[in-house]
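> Build me a model:
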Amino acid sequence: MWRSYYNHQFLKMFVQLLKVMRTQLRLNWFYTFRLAYYSGLAATDYRLKRGHENYPRTKKNLIKFYKVISDNCLESFNYKKAGELELEWWDIHRYPAKHKKSLELSLAETIAVMYNSDSNGFMKYAQYRAEAMHLPNHEGDKQDNPPNWQEIHALLLKSWKSAYNAAQK
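Coordinates of the predicted model:
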């Protein structure tokens, strides 16, 4: 999905979002479509409006995304805060100089909200994920030296394994 996002292949990204939401969350197609729609719309809008972001609209779609998840999981969580924190790390990643908080801390706080947990346990997850996020450098495959998507994939697997382990504690 990241590759599609960075290369402005938004229809492909939407199809990939559908697959991920369906296989990872195992919700019915109605909820799966809504999740892919809200997250895809937020991501596309944010990606295309670089420098002119519509923060309220993006945040609204992220909050709707997290509300669907919260309403359909075993233990609900503060979906509004999760949506706000998601947009925060997007912005930290895009504009690191304007933020005091690190990308790693923001990523850890976002996932911790979903697990009603402390962010400290998710720092390993956040470190691997942030490392993977820096590799595409916002330019995708158009760079003179395109990112190594296999390396990104490997870091993301480490990240999600770390998140899984942290959530089990």
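> so the nearest residue to residue 18 once chain neighbours are set aside, which of the three states?
Nearest residue to residue 18, sequence neighbours excluded (CB to CB, 6 or more residues apart in numbering): residue 36, at 4.5 Å. Backbone N, C-alpha and C define where each C-beta goes, glycine included. Taking DSSP: H, G, I helix; E, B strand; the rest coil as the rule, one finds residue 36 in the helix state.
> Wait, residue 36 touches residue 23, no?
No - assessed by CB atoms under 8 Å, residue 36 is found out of contact with residue 23, at 12.0 Å.
> hmm, who's touching the helix or strand bottoming out on mean pLDDT in the chain?
Using mean pLDDT, DSSP states H and E, the weakest-scoring helix or strand in the chain turns out to be helix 2-6, at a mean of 88. Applying CB atoms under 8 Å, 6 or more residues apart in numbering, the contact partners of helix 2-6 are 9-10, 12-13, 16, 43, 47, 136, 138-141, 149, 152.
> again with stretch 23-43
5, 10, 13-14, 17-18, 21-22, 58, 61-62, 64-65, 68-69, 72, 87.
> Give me the subset of these that lies in helices.
Among the contacts of stretch 23-43, the ones falling in helices (DSSP state H) are 5, 10, 13-14, 17-18, 21-22, 58, 61-62, 64-65, 68-69, 87.
> out of the residues you listed, who's nearest residue 116?
Nearest to residue 116 among those: residue 69, at 13.0 Å, using CB to CB.
> tally of neighbours for residue 59?
Residues within reach of residue 59, counting by other CB atoms under 10 Å, total 19.
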